[in-house]
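# Dropping a prediction and its sequence here:
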Amino acid sequence: MSHGEQFTLYTHVGGPNGWKVAYLLAELRLTYESVFFDFAKKDQKSPEFLKLNPNGRIPAIIDHGNNDFVLWESNAILLYIVEKYDKEHKFSAVTDADKAYQNQWLFFQASGQGPYFGQFFWFQFYHQEKVPSAVERYKGETERVLGVLESVLSKQEWLVAGKMTISDISFISWNNGAFKAILGDDYPIAEKYPAVYKWHNAMTERPAIKACIEQRTSMMSH
């Protein structure tokens with residue numbers, strides 16, 4: 001293998017979706033090199049990257065340990081990594097039923113949490129015109145998604161199989177953003193969604209994930 005690290009991860013310092021892949025790679029102690037794109041320079045739209053990901057978005061990976069296999073879409077990457085490298089099922093489901101539930105939550109994260117939280121963030125901070133109705137809508141959807149999670153996590157510690165899996169990991173990055181930047185420092189997350197708050201903190205206090213979060217915080221401060 002000509003590369004020093006097993007994986008190349010194309011990502012972005014502020015973009016949540018790349019970090020969820022970093023969390024899993026770190027937890028599984030798989031070595032990787034992060035290539036951080038500058039969105040202002042449209043690195044993600046370069047001809048070189050579009051050959052890897054025609055969608056021109058992050059993240060994407062190259063698995064140098066598997067004939068330079070290329071994959072994009074963050075939750076598809078999570079599934080690929082556990083199917084190929086989590087043989088002990090430390091972070092993945094085992095039974096057919098639990099695998100189905102795992103997919104259910106990965107799809108909910110990709111179709112529910114990511115888009116709604118992202119649109120809330122966009123209309124709150126980046127849209128050129130103030131559109132109060134859009135902010136209100138996506139804040140409501142953000143709270144609805146948190147409510148769905150709360151309804152389940154108030155009855156069980158983890159989403160699937162009684163342990164932390166990629167289903168849980170997939171939610172960390174956007175929740176980090178929602179709890180602070182999107183909803184605001186004075187939003188009563190712990191009071192409104194205590195089970196979600198406890199679940200989130202249980203994951204972000206894990207050494208491997210905590211180190212990734214600290215790396216991101218340090219890079220963003222610079």
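That came in fine, so what should we check first? On a predicted model such as this, the values are computed, not experimentally measured, just so you know.

# what ranges of the protein fall below the confidence cut-off?
Scanning the chain for pLDDT under 70 picks out 1-2.

# Got the domain ranges for it?
Split into domains by automatic domain parsing, the chain comes to 7-90, 96-207.

# Endpoints of the longest one, how far apart?
Looking back up the chat, that one is domain 96-207. Chord length of domain 96-207, first to last residue, is 30 Å (CA to CA, to the nearest Å).

# Give me the distance from that domain to the chain's centre.
10 Å (CA atoms, centre = their mean, to the nearest Å).

# can you check the shortest one too?
Centroid displacement of domain 7-90 relative to its chain, using CA atoms, centre = their mean, is 11 Å.

# Go through the domains of the chain and name the closest to M220.
Shortest distance between M220 and the domains of the chain, using CB to CB, is found for domain 7-90: 5.8 Å. Backbone N, C-alpha and C define where each C-beta goes, glycine included.

# one step back: indicate which one of the domains of the chain is closest to S218.
Minimum separation from S218 across the domains of the chain (CB to CB) falls at domain 7-90, 9.7 Å.

# elements contacting the longest helix along the chain?
Secondary structure of the chain per DSSP state H: the longest helix is helix 132-153. Contact here means 3 or more CB pairs under 8 Å, 6 or more residues apart in numbering; DSSP states H and E; on that basis helix 132-153 packs against helix 114-121, helix 189-192, helix 194-204.

# deepest of these, which one?
helix 114-121 (a mean of 20; mean count of other CB atoms under 10 Å).

# now the angle from that helix to helix 132-153?
Helix 114-121 runs at 140 degrees relative to helix 132-153, counting by axes from the mean of the first three to the mean of the last three CA atoms, to 10 degrees.
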